[in-house]
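Asks: Can you look at this prediction? I've put the sequence above it.
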Amino acid sequence: MKARGMAMVEALVASALLAIGLLGATRLSTYALHAALQTRQDMQAHQLAMEALDCAVARLPTCPANTERMLQGSRYRLALSRSPLDAALDNVQVQVQWTGADGRAQSLQRQTRVSVLPDWLGLSSP
Amino acid sequence: MTPALQARQSGAATLLLVLGLVLLATLGSAYSSRAVLADLLASQGMVRAAQARLAAQAALATAEAALLQPGVGGTGQNPFEAAQAPCPPPLQGAQWQCAPLPLPQPPDSEWRWSATLVRDLIESPHVWQIHANASGKGSQAWVRRSVFMPVLAPAPADAPQAALVLNGCASPAPGSHWQICPSTAGTPCSGAATGPAVYSHFVPDTDHNGRIDPSERAACLALAPSLLPAGGRLDSPSSPTPRSPCNRAAWRSVLGDNTPEQVRAWSQAQERQGLHSLSQPARNIYWVDSPADWTQSLGSANQPVLLVFSSQACALRCPRLAAGTTVQGTVVLDAGCDDEKMRDWQAGQVQGQLVVEAGLPQFTGSARLLASPQAHQAYALHWPTGMATDQVQGVNGSRLEGSP
């Protein structure tokens, strides 16, 4: 009777240990999964911002000021804006907004500058 | 074994098993977390590199805007005259001139900017490379681009090809032994002439009939056949043009819209860089303010020079080229349409073109002028056809990213 009681206590301790260990491992995995998802979203937002700025730097006429993109289940809103720094220089800024894995609103900003230097569009070898 | 001992051992075995399982689960989670952490760090590195590239682009744009300011590149506002900077590693040698371009640092930014200007003083002093750099947050990025700067003008495509270009009349002194030879198909100064021997922008319209007659041209360019061993035409405009005030017709026909200040600045830049007649590559632009006679041979068939005697050098009378001196290229004498500054002028040998902003009365000695198609090579810079050369413009396709 006493030995059976001892085995029961050990089984309970073992179960508690297993529960704590598995809970910790699960939380760690959940955190890693969440971090991976967030990193992926951050990188996608960053990539979209870089594309928008590259378009602005290349001075293409088709760069949209505001746009939305759906990538791997996440919706990203882009807003491209220009503000003159002087007569020959503009600051170009892009803001990307999306909903994060935890349901909270996320945003990212990138900026660079573009001059009004005209390009000679003919053939030029130097 | 008693039942009590058996139960205790069974409990210990269960504990060990559970501990092993917990350890396995922990290890598995740790490994997956480590992979996620590595991805996170790599992503952050990529983001920092991309941000550095954006900052370098911003620095490049700021430098371009600085070059677009009115007057930049002109006298007193040329960044190459203000300071020197070490040239990026592949661009070594005296022909490469490098200068820092001061940029205002961005407010509230973790990035530091810098820009260096680079140009080739021999081949393309009018094409400036902007090397922009941004560093910060453990990252660094470079962007570069070339721009056309209106610090020099194109040479006219229809420049006279004659051995002697004048803005006045020419006549030999008794006993002079000049040879004036046009471009020829074969051996220099023999064979069939392929261009004019002499071109004068100013021939007096003595009979005031509004045109230059052959007799007027022959009277102005009084050159006996012995002075022209390979023949060649004596050319001038068919209608008279006033020369006073000095119209600088000879200069403009050969050097186009290049101003004396621009040519002087180019020459001084080459001198400051340590280029000289024996350097590699050799100096090819010489601006002379001294009235002393010139005694140094310059240039070669492959590397012709431009030798300009300024209006200051010609203040009283233009310097002579000493006998035995050979200049391969173009020699310009800025005599300001004053024939007296060229009276009794003498020279050695000019293989290319002699340009005189006046007449050449009573030239003397034993000079030899040989026209050469390569005469204009020293200052005939590459400009794209049809381009407005008085504006700062980007060179299409010259933008590059990466290490300098």
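Replies: Received, thanks. Numbering: from 1, shown residues only, chains lettered A, B, ... in the order given.

Asks: only C-alpha atoms for contact and neighbour calcs from this point on.
Replies: Noted.

Asks: Look at residue A:42 and say how many residues are nearby.
Replies: Residue neighbour count, defined by other Cα atoms under 10 Å in any protein chain shown, stands at 21 for residue A:42.

Asks: What is the burial count for residue B:302?
Replies: As a measure of burial, residue B:302 has 11 neighbours, counting by other Cα under 10 Å.

Asks: Please report the distance of it from chain A.
Replies: When distance is defined by Cα to the nearest Cα, to the nearest Å, residue B:302 is 20 Å away from chain A.

Asks: Next, that residue: secondary structure please.
Replies: Reduced to three states with DSSP: H, G, I helix; E, B strand; the rest coil, the structure at residue B:302 is coil.

Asks: try residue B:126
Replies: Following three-state DSSP, the label given to residue B:126 is strand.

Asks: Next up, the contacts around it.
Replies: The contact partners of residue B:126, by Cα atoms under 8 Å, 6 or more residues apart in numbering or on different chains, come to B:119, B:148-152.

Asks: Not counting sequence-adjacent ones, nearest residue to it?
Replies: Here the nearest residue to residue B:126 in space, its sequence neighbours aside, is residue B:149; by Cα to Cα, 6 or more residues apart in numbering or on different chains that works out to 5.2 Å.

Asks: got it, and residue B:33?
Replies: In space, residue B:33 comes closest to residue A:32 once its chain neighbours are excluded; the distance is 5.2 Å by Cα to Cα, 6+ apart.

Asks: And what about that neighbour, helix, strand or coil?
Replies: Here residue A:32 is helix, with the state taken from three-state DSSP.

Asks: Tell me, how many residues neighbour it?
Replies: For residue A:32, the tally of surrounding residues (other Cα under 10 Å) stands at 20.

Asks: you'd agree it is up against residue B:32?
Replies: Yes: proximity of residue A:32 to residue B:32 meets the contact threshold set by Cα atoms under 8 Å, at 7.2 Å.

Asks: and which of the contacts of residue B:126 is nearest chain A?
Replies: Proximity of the contacts of residue B:126 to chain A was ranked by Cα to the nearest Cα; the top entry is residue B:148 with 8.8 Å.

Asks: who in the stretch 251-400 of chain B is up against chain A?
Replies: Within the stretch 251-400 of chain B, the positions near chain A by Cα under 8 Å from any Cα of the partner chain are B:382-384, B:387, B:392-396.

Asks: redo that, cut-off 6 Å
Replies: Taking Cα under 6 Å from any Cα of the partner chain as the criterion, the neighbours of chain A within the stretch 251-400 of chain B are B:384, B:393-396.

Asks: and residue B:312, helix, strand or coil?
Replies: In the three-state summary, residue B:312 is assigned as coil, counting by three-state DSSP.

Asks: Can you check the pLDDT for the nearest residue in space to it that is not next to it in sequence?
Replies: In space, and not counting its chain neighbours, residue B:312 is closest to residue B:289: 5.4 Å by Cα to Cα, 6+ apart. At residue B:289 the predicted local confidence, pLDDT, stands at 97.

Asks: wait, isn't residue B:289 in contact with residue B:314?
Replies: No: distance between residue B:289 and residue B:314: 8.1 Å, which falls outside the contact criterion (Cα atoms under 6 Å).

Asks: Look at the two and report which has more neighbours.
Replies: residue B:314 (22 against 16).

Asks: Let me see the contact set for that one.
Replies: Taking Cα atoms under 6 Å, 6 or more residues apart in numbering or on different chains as the definition of contact, the neighbours of residue B:314 are residue B:335.

Asks: The one 3 residues further on now?
Replies: Shown in contact with residue B:317 (Cα under 6 Å, 6+ apart): residue B:341.

Asks: Now do it against residue B:221, distance only.
Replies: 21 Å (Cα to Cα, to the nearest Å).

Asks: cool, residue B:349 as well?
Replies: Relative to residue B:221, residue B:349 is positioned 20 Å away (Cα to Cα).

Asks: what's the answer for residue B:210, then?
Replies: Relative to residue B:221, and taking Cα to Cα, residue B:210 is found at 19 Å.

Asks: between those two, which one's more packed in?
Replies: The residue with more neighbours, out of residue B:210 and residue B:221, is residue B:221; 25 against 12, by other Cα under 10 Å.

Asks: Quick check: the more buried one vs residue A:114, distance?
Replies: Residue B:221 sits at a distance of 58 Å from residue A:114 (criterion: Cα to Cα).

Asks: How are the helices of the stretch 51-200 of chain B distributed by residue range?
Replies: Using DSSP state H, counting those that start in this stretch, the helices assigned to the stretch 51-200 of chain B run over residues B:79-82.

Asks: Near the residue in it that chain A sits nearest to, how many other residues are there?
Replies: Closest contact between the stretch 51-200 of chain B and chain A, by Cα to the nearest Cα, is at residue B:58 (4.2 Å). Residue B:58 has 28 neighbours, counted by other Cα under 10 Å.

Asks: how about the most centrally placed residue in chain A, phi and psi?
Replies: When chain A is reduced to its mean C-alpha position, the closest residue under Cα atoms, centre = their mean turns out to be residue A:42, at 1.0 Å. Taking degrees, to the nearest 10, you get phi -60, psi -40 for the backbone angles of residue A:42.

Asks: Contact partners for residue B:117?
Replies: By Cα under 6 Å, 6+ apart, the residues touching residue B:117 are B:98-99, B:129-130.

Asks: Same question for residue A:79.
Replies: By Cα under 6 Å, 6+ apart, the residues touching residue A:79 are A:65-66, A:94-95.

Asks: For it, which residues count as its bridge partners?
Replies: On the basis of DSSP bridges, residue A:79 is bridged to residue A:66, residue A:95.

Asks: Tell me which stretches of chain A form strands.
Replies: Taking DSSP state E as the criterion, chain A contains strands spanning A:66-71, A:74-86, A:89-99, A:105-115, A:119-120.

Asks: Name the strands paired with the shortest one and say parallel or antiparallel.
Replies: I take that to be strand A:119-120. Strand pairing for strand A:119-120, determined by DSSP bridges: strand B:393-395 (parallel).

Asks: who touches the strand it pairs with?
Replies: When contacts are taken as Cα under 6 Å, 6+ apart, the neighbours of strand B:393-395 outside the stretch itself are A:118-120, B:146-148.

Asks: just for chain A, where's the confidence low?
Replies: Chain A contains residues with pLDDT under 70 at A:1-7, A:121-126.

Asks: Contact residues of it facing chain B?
Replies: For chain A, the residues in contact with chain B (Cα under 6 Å from any Cα) are A:3, A:7, A:10, A:14, A:18, A:21, A:25, A:29, A:32, A:36, A:88-89, A:112-115, A:118-120, A:124.

Asks: quick one, what contacts the residue lying closest to residue B:98 once chain neighbours are set aside?
Replies: The shortest distance from residue B:98 to any non-neighbouring residue, by Cα to Cα, 6+ apart, is to residue B:118 (4.5 Å). With Cα under 6 Å, 6+ apart as the criterion, the residues that contact residue B:118 are B:97-98, B:128-129.

Asks: Restricted to strands, list these.
Replies: Among those, the members falling in strands are B:97-98, B:128-129 (criterion: DSSP E).

Asks: could you dump these to CSV with distance to residue B:90?
Replies: What follows is the ones in strands among the contacts of residue B:118, written out as CSV (distance: Cα to Cα, whole Å):
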residue, distance to residue B:90
B:97, 13
B:98, 12
B:128, 16
B:129, 13
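
Asks: From those residues, pick the one nearest residue B:140.
Replies: Closest to residue B:140 out of the ones in strands among the contacts of residue B:118 is residue B:129 (19.2 Å), distances taken as Cα to Cα.

Asks: List the residues that contact the residue lying closest to the closest one once chain neighbours are set aside.
Replies: Take residue B:129 and drop its neighbours on the chain: the residue closest to it by Cα to Cα, 6+ apart is residue B:146, 4.2 Å away. Shown in contact with residue B:146 (Cα under 6 Å, 6+ apart): B:128-129, B:395, B:398.
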